[in-house]
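J.: Next comes the sequence, and after it the predicted model I'd like to discuss.
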Amino acid sequence: TPRGRRSGPGKMAAPSFERRVLRGAAGHHYLRVRLELPDGGARPSAAQFKQLVVSALRELHGEVGAALPVDVLTYEEKTLCAILRVISSGFVKLWSALTLLGFYQNRRCTFRVLQASPFLLALSGNSRELVLD
């Protein structure tokens with residue numbers, strides 16, 4: 001029968017299903033993040049921004065976390081927004097380190113993860129910010 005197999009005289013066995021999940025199929029994950037500095041002040045340069053990300057990883061995950069390969073693909077000093085690339089196995093470590101960071105140069109700060117995806121193209125647009133004419 002198409003839906004199940006007969007397992008005896010007149011009895012139907014439950015159909016068997018196989019679920020396949022491709023975990024870690026993508027080599028990298030991408031995050032669009034924004035650094036929020038509520039008290040204003042000096043804005044970090046691209047190099048300082050990268051150092052802030054590495055120090056957040058070191059603070060939460062030690063030297064192993066600081067050695068995680070993270071790339072700053074784009075950074076806008078005006079808006080403090082950046083796109084970060086991290087190997088997929090370090091995605092959760094990076095996100096948690098950024099979320100728990102609270103200070104930049106003895107000033108309060110917050111990282112907001114605006115978007116995350118295993119595909120860089122997915123970060124090219126945000127339907128929530130779409131403006132229709």
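T.: Received it, and whenever you're ready, just let me know what you need. It should be emphasised that the depicted structure is a prediction, and the values quoted were computed from it without experimental measurement. Numbering: from 1, shown residues only.
J.: and stretch 40-47, how far out from the chain's middle?
T.: Centroid separation for stretch 40-47 versus its chain: 22 Å, with Cα atoms, centre = their mean, to the nearest Å.
J.: quick one: terminal-to-terminal distance for it?
T.: 19 Å (Cα to Cα, to the nearest Å).
J.: now stretch 99-107
T.: Stretch 99-107 stretches 16 Å from its first residue to its last (Cα to Cα).
J.: contacting residues around stretch 35-53?
T.: 70, 72, 75, 77-78, 80-82, 84, 94, 97-98, 101, 104-105, 107-112 (Cβ atoms under 8 Å, 6 or more residues apart in numbering). No exception for glycine: its C-beta is placed from N, CA and C like everyone else's.
J.: same deal with stretch 88-104?
T.: Stretch 88-104 has contacts (Cβ under 8 Å, 6+ apart) with 24, 26-29, 31, 33, 35, 37, 44, 52-53, 56-57, 59-61, 65, 68-70, 84, 86, 108-111, 113, 116, 118.
J.: Strands of the protein, residue ranges please.
T.: Per DSSP state E, the chain carries strands over the ranges 6-8, 11-12, 28-36, 70-76, 81-87, 103-104, 107-108, 110-117.
J.: Go through the fourth one and flag the buried ones.
T.: In this case it means strand 70-76. 70, 75 (16 or more other Cβ atoms under 10 Å).
J.: From the chain's centroid, how far away is that strand?
T.: 13 Å.
J.: May I have that strand as CSV, with CA atoms only?
T.: Extracted as CSV, the C-alpha positions of strand 70-76 are listed here (Å, rounded to 0.1, in the frame of the first residue of the first chain):
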residue,chain,number,x,y,z
VAL,A,70,35.9,36.8,13.0
ASP,A,71,36.0,39.2,10.1
VAL,A,72,34.5,42.7,10.0
LEU,A,73,33.3,42.8,6.4
THR,A,74,31.7,46.3,6.5
TYR,A,75,31.7,48.9,9.2
GLU,A,76,30.1,52.3,9.2
